[in-house]
Each structure stands twice: as structure tokens, then as C-alpha cells.
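Novice: turn this into a model:
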Amino acid sequence: MHNINWLDTNQIKIEPPKKPKKITATRFASVLGANPWASPFNAWCAITRTYEEPFVDNQYTVAGKTIEPIIFDYLRKSYMMDNLKTPTDLYGADYFQKTWGDFFPNDPICGGMWDALLYEDGKPSTIIEIKTSSRPQDWQTDVPENYKLQSALYAKLLGIDDVIMVAAFLSPADYDTPEKFKPSVKNTITVEFKVSQEYPNFSEMVEQAVEWWRTHVESGISPIFDEKKDADILKELRTNSLSPDTDVTTLIAEAEELKTILDKAHSGIEETEQRYKSVSEMLKKHAMSNFRDGDTKVNLAGNRFTWSLARTESTTIDKDALKADGLLEKYSKPSVTYRMTVK
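Specialist: Reported below is the predicted structural model:
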């Protein structure tokens, strides 16, 4: 995790990353503030590698990966999409390793991985994006905006205009056995649109995202965070980093509580600790008197513990001699140390 400087403007500042992640199509809507599930601050944390939740498969991601090839077959057979190409068709089964998860290596800022393409005359002509969902109500009037922007960015990066969104609506039973899912007109829809018609100013939207990158990623200064929307990320960041004064107050209160517990635990053993210190010093003197020429260690064994005294030789500086020769001050330099005490 980066060293974080918490600013009074509800932003954080880090050392600009040398190798940030890209604005993938998934993050694109977040950067523009059009993703209800992830904020611009969330996207910035991931792009700058400041913080990103580790990916863990769950029933939704497993279902999506399992059903995707079933949807490909369904589109080929039911929609006569013989010209449909998947990443596996173009890059091979290990396409993620070959591409490092980015199908647009020549773009320094934007990238990601599309689901499938339609080809015409040997060139890609249409983006196909596949989504699985348990919420058909989200698709009643239109494609959810964050999904639409995601596919539009892929089309823009490929220089094409046509998009086909495919949504498969799953029941609870489908999540238990996704391999048995059978797409049909009852549970799977397709929505077609042209980027130029849906977003006449899409080039400006992309430039807005690029400018956001320059403002926040290249500078290391985050977008403004929201205490509620970004609560989970802020909690993680504040666990390992001092945040503004309000959080210092919280830390002090916690430190006081811990100090009270420790003081109480130690109060009954102070005399024992002092006696142990004295006895240890006597054992040390005894061990020192038993060193012979060539010995580097003397052990004093008990029934449960062994006290070992090691001897090492080193060269030290004779400060008195340097001072007498007038050289000590010449070769001395100031240093700063910090010592915290608690009363």
C-alpha cells in the first residue's frame, strides 16, 4: 500500500504510480460517475494500485463464466452468427496470459477485454457484450448505463460503431447449476445500438476520462471521496495510514484503552521483572568469567531454559583521542532522533 497523505479537501495524495492500471471499459463508467456500484474514487484506487479488493469467485462470477460459452453457441445457432469470434478464437485458450488482460496494448490509458466480436470482410464490425443478471427489472427500459458505456468504449477503441448487448436472466436454480442453463427468448434478450446515435458526443466523453487520468492518476491526487459511498475502501486505507484529525482522535482513544489494559497487566509483575533483571545480570557476569580463549559463546542450561551469552569483537572509534587531536568536532554531524513517552 502507498504512503498516503490525507488532504483537507476529502482527497488523498500518493506518489504517482510508475505503472498504473488502465481505464478499462469496466472502470470507464466509474470514472465518469455513471456506475451505481463504484465511484470515481474507487476506480482511482484500483488504477493507482492504492487499494483494490482481491478478486474472489462467487456464485455470480462462476455462473457468468460458465454460461458465457453457452450464450456464444446460442447466438451462432439462433441468430446465425457464424462470423462470431471469441477471445479464444483469436488468441487461443490462454488468451489472458498472452494479452495480460488487455486487448488494446497500443492505447496507453484505456483498455480491457471484450466478450466477442462479429467479423465482416475479415475485420471486426460489431462488439458483443454478454451479461448475466438476476435483476431483469434493471433492463426493462434500457441497457444499464454502466454496461452501455462499457461496450461503447470497446467499440470506440476498435474503431467500430455497432454494439449488441446480450443479457441472460438467471433464476436461483440457475446459479446452483449454471452448466444446465438453456438460453431462449424467455430468459435471454439482445439489444442493439450504434455508439454514434446513443452517444453523439462520445469522443468528448473519452477525452473527459483521459483528462481525469491526467488530473488524478499522473498527479497522484485522488478525486474527492465520499464518506458513505467509499466507506469500505476508506476503512481499509485508514487501518494502515493516518487520516485527518478526526481519525487521530479515534486512534488516540484506542491507544488509551490499549495502554490501560497493558498497564493493568504489568502492575502485578513489576517486582518480578526487577528481580529477573538482577538475576539475569548475575548470570551474565558468571558466563563472562567462564569464557576461554577462542570461545564465542557460553551456555548456562536449566531445566526449561538455556541462557546463552555470545561474544563478538568489533572495532570502535576512540572519541576521546579524536577530541584530543581536535578532529572530533570536524567529523561530527548533527542527527535527529524521535522518542515517544507516555505518562
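Novice: okay, now residue 253: neighbour count?
Specialist: 9 (other C-beta atoms under 10 Å). C-beta coordinates here come from the backbone N, C-alpha and C atoms, glycine included.
Novice: and it, how far from residue 11?
Specialist: According to C-beta to C-beta, to the nearest Å, residue 253 stands 25 Å off from residue 11.
Novice: please apply the same query to residue 98.
Specialist: For residue 98 relative to residue 11 (C-beta to C-beta), the value is 38 Å.
Novice: before we move on, what about residue 23?
Specialist: 19 Å.
Novice: how about residue 142?
Specialist: Counting by C-beta to C-beta, the gap from residue 142 to residue 11 is 33 Å.
Novice: neighbour count: the two, which is higher?
Specialist: Under the neighbour definition other C-beta under 10 Å, residue 142 and residue 11 were set side by side, and residue 11 has more, 16 against 13.
Novice: what sits against that one?
Specialist: Neighbour list for residue 11: 221-225 [criterion: C-beta atoms under 8 Å, 6 or more residues apart in numbering].
Novice: one more time with 10 Å, if that's ok
Specialist: 5, 41, 44, 216, 221-225 (C-beta atoms under 10 Å, 6 or more residues apart in numbering).
Novice: please pick the buried ones from the residues you listed.
Specialist: 41, 44, 216, 221-223, 225 (16 or more other C-beta atoms under 10 Å).
Novice: in helices only, show me these.
Specialist: Among the buried ones among the contacts of residue 11, the members falling in helices are 41, 44 (criterion: DSSP state H).
Novice: can you add distance to residue 280 and pLDDT and give the buried ones among the contacts of residue 11 back as a markdown table?
Specialist: Listed next are the buried ones among the contacts of residue 11 as a markdown table, based on distance: C-beta to C-beta, whole Å; pLDDT from 0 to 100:
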| residue | distance to residue 280 | pLDDT |
| --- | --- | --- |
| 41 | 53 | 97 |
| 44 | 54 | 96 |
| 216 | 56 | 97 |
| 221 | 53 | 96 |
| 222 | 52 | 96 |
| 223 | 57 | 97 |
| 225 | 52 | 96 |
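Novice: so what's residue 223 closest to, chain neighbours aside?
Specialist: residue 40 (4.4 Å; C-beta to C-beta, 6 or more residues apart in numbering).
Novice: might one say that that neighbour is in contact with residue 217?
Specialist: No. Using C-beta atoms under 10 Å, residue 40 makes no contact with residue 217, being 11.3 Å away.
Novice: which neighbours do these two share?
Specialist: Contacts common to residue 40 and residue 217, judged by C-beta under 10 Å, 6+ apart, are residue 31.
Novice: give me the domain ranges for the chain.
Specialist: 5-239, 272-313 (automatic domain parsing).
Novice: and the next helix or strand past the helix or strand of the chain with the lowest mean pLDDT?
Specialist: In the chain, no helix or strand scores lower on mean pLDDT, DSSP states H and E than helix 245-267, which sits at a mean of 70. Using DSSP states H and E, the helix or strand that follows helix 245-267 in sequence is helix 270-289.
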